[in-house]
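# build me a structure from this.
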Amino acid sequence: LLLRTLASVHASPLLLSMPIAGDVYDRKGISRSSREDYYVKLRALAQRYHFPLVDFEGHDEDPAFLYHHQSHLTAKGWIYYNRALDDFFQGSVPRS
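Residues are numbered from 1 along each chain as shown. Predicted coordinates for the structure are as follows:
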């Protein structure tokens, strides 16, 4: 609903999605292939509305990206987020 609304008002958002803490979810029985389904669906949704997306999937199993493998970025994670935001506001295609 939000993406549809943003598209209808011709907004140009950047979609950022934190990586899934893969090692934590592995221990909870959520496989890598299940997590991949999330990333695939997220990319499809962003493409549907032609919004750029940085999903940081490459850091799915990177323990240095999220603080204690939870929902807070470490200094390394913030560097990647800051780079994606800077790229976006400078008119470049953001990278994960």
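# identify the residues contacting the closest residue to Ala7 other than its chain neighbours.
Distance criterion CB to CB, 6 or more residues apart in numbering; nearest residue to Ala7, sequence neighbours excluded, is Tyr49 at 4.7 Å. C-beta: built from backbone N, CA, C; applies to glycine. Going by CB atoms under 8 Å, 6 or more residues apart in numbering, Tyr49 touches 3-4, 6-7.
# which elements pack onto the least confident helix or strand in the chain by mean pLDDT?
The weakest-scoring helix or strand in the chain, judged by mean pLDDT, DSSP states H and E, is helix 22-27 (a mean of 73). Applying 3 or more CB pairs under 8 Å, 6 or more residues apart in numbering; DSSP states H and E, we find helix 22-27 packed against helix 32-48.
# quick one: the helix it packs on to chain centroid distance?
Relative to the chain's own centre, helix 32-48 is displaced by 10 Å; criterion: CA atoms, centre = their mean, to the nearest Å.
# just the strands in the chain please.
15-16, 53-54 (DSSP state E).
# tell me what the first one is packed against?
Read it as strand 15-16. strand 53-54, helix 75-89.
# could you redo the last one with a cut-off of 6 Å?
Applying 3 or more CB pairs under 6 Å, 6 or more residues apart in numbering; DSSP states H and E, we find strand 15-16 packed against no helix or strand.
# low-confidence ranges in this protein?
69, 96 (pLDDT under 70).
# mind doing that once more with 80?
Residue ranges of the chain with pLDDT under 80: 21-30, 68-71, 93-96.
# so who does Phe88 touch?
14, 94 (CB atoms under 6 Å, 6 or more residues apart in numbering).
# now do Glu57
By CB under 6 Å, 6+ apart, the residues touching Glu57 are Tyr39.
# could we number from 661 for the rest of this?
Happy to do that; since the first residue is 661 now, the last one works out to Glu717.
# just to revisit the earlier point, are any of the contacts of Tyr709 buried, and if so which?
Leu663 (16 or more other CB atoms under 10 Å).
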